[in-house]
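Trainee: Need coordinates for the following:
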Amino acid sequence: MSVRHWGQGAEQAVLLHCTLAHGGAWAGVARHLSDRLSMIAPDLLAHGAGPEADRNRDFHDQASEGAMRHFPDVPVHLIGHSFGATLALRLAMEAHARVRSLTLIEPVLFCAADGPGRAAHDAHFAPLATAMTEGDLDEAARIFLGLWGTEAFDDLPAAQQRYITDRIWIPEATEPALVHDGVRLLPRLRALTLPTLLLEGTRSPPVIAEINARLAADLPRAARARIEGASHMAPITHPEAVASKIRHFLTTL
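Mentor: Numbers count the residues shown, from 1 in each chain. You can find the predicted model right below:
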């Protein structure tokens, strides 16, 4: 299954998942919004049953092109988490007329942060590049999940470990867009006039608050909200709370 569908609501929504997940990660959130929205959650590039990536092309370019193919013919509420949130932001900029509202949950647009949270993030991830260079994919996965996951790599079932190590090259492939802003998202923020909700967990890595602070300052119609007790994987660990924030946001439109 490469695309999941939930809900019977009158309004359409597209949900874009985080790195190393798949569209099914939205099941909990979707359950709590099924009366309000009809939702589409595709497996993104190189994830789940999604399309394979061309390693000679920019990953963010390919992922955004692939996600756009799942948009229905009517304007949608666009909801993204982590890497998926950066895709949602880009698609809202490039297909403004096809988006009604934008919800960005923990967007990992690292180029938007320049404080101590960003410095701590970079220090944490420096060994990941070494592990990748040495071909130690298990160690690279441990480092990645140590900051962004809900469970330690060594506690996961073997099949899930293999799924992650098969894709642990993806974080590095996103760096041109997310670290260096190669797709030029930051200069376009002030021109994006869609109503936007920025969500973050109260226990998330500090770099997320720095990113959302920058986005809130530059996006003309942005509102910020926090999920109490949640960290980066709030759509999975706190689906009801995430859905409640989205529902409230949609009532304000």
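Trainee: Stretch 48-66: how far from the chain's middle?
Mentor: Its chain's C-alpha centre and that of stretch 48-66 lie 15 Å apart, by CA atoms, centre = their mean, to the nearest Å.
Trainee: Give me the contact list for the lengthiest helix in the chain.
Mentor: In the chain, taking DSSP state H as the definition, the longest helix is helix 116-133. Contact partners of helix 116-133, identified using CB atoms under 8 Å, 6 or more residues apart in numbering, comprise 110, 113, 137, 139-140, 143-144, 146-147, 168-169, 171-172, 205-210. Any C-beta I mention is one placed from the backbone N, CA and C, and that applies to glycine too.
Trainee: Which per-residue confidence value corresponds to Met1?
Mentor: Per-residue confidence (pLDDT) for Met1: 64.
Trainee: Stretch 4-11 spans what distance, first to last residue?
Mentor: Stretch 4-11 has its terminal residues 16 Å apart, counting by CA to CA, to the nearest Å.
Trainee: list the buried ones in it?
Mentor: Buried residues in stretch 4-11, counted by 16 or more other CB atoms under 10 Å: Arg4, Trp6, Gly7, Gly9, Glu11.
Trainee: so can I have CSV of those residues showing pLDDT?
Mentor: Below are these laid out as CSV (pLDDT from 0 to 100):
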residue, pLDDT
Arg4, 97
Trp6, 98
Gly7, 98
Gly9, 95
Glu11, 97
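Trainee: And those residues, which is closest to Arg31?
Mentor: Nearest to Arg31 among the buried residues of stretch 4-11, counting by CB to CB, is Trp6 at 7.2 Å.
Trainee: Assign a three-state SS to the nearest residue to that closest one once chain neighbours are set aside, would you?
Mentor: Closest residue to Trp6 apart from its sequence neighbours, by CB to CB, 6 or more residues apart in numbering: Ala30 at 3.8 Å. Applying DSSP: H, G, I helix; E, B strand; the rest coil to Ala30 yields a three-state assignment of helix.
Trainee: Identify the residues contacting Ala30.
Mentor: Arg4, Trp6, Gly7, Leu15, Leu37, Met39, Ala41 are the contacts of Ala30 under CB under 8 Å, 6+ apart.
Trainee: For the residues you listed, which two are the farthest from each other?
Mentor: Across the contacts of Ala30 (CB to CB), the longest gap, 13.1 Å, separates Arg4 and Leu37.
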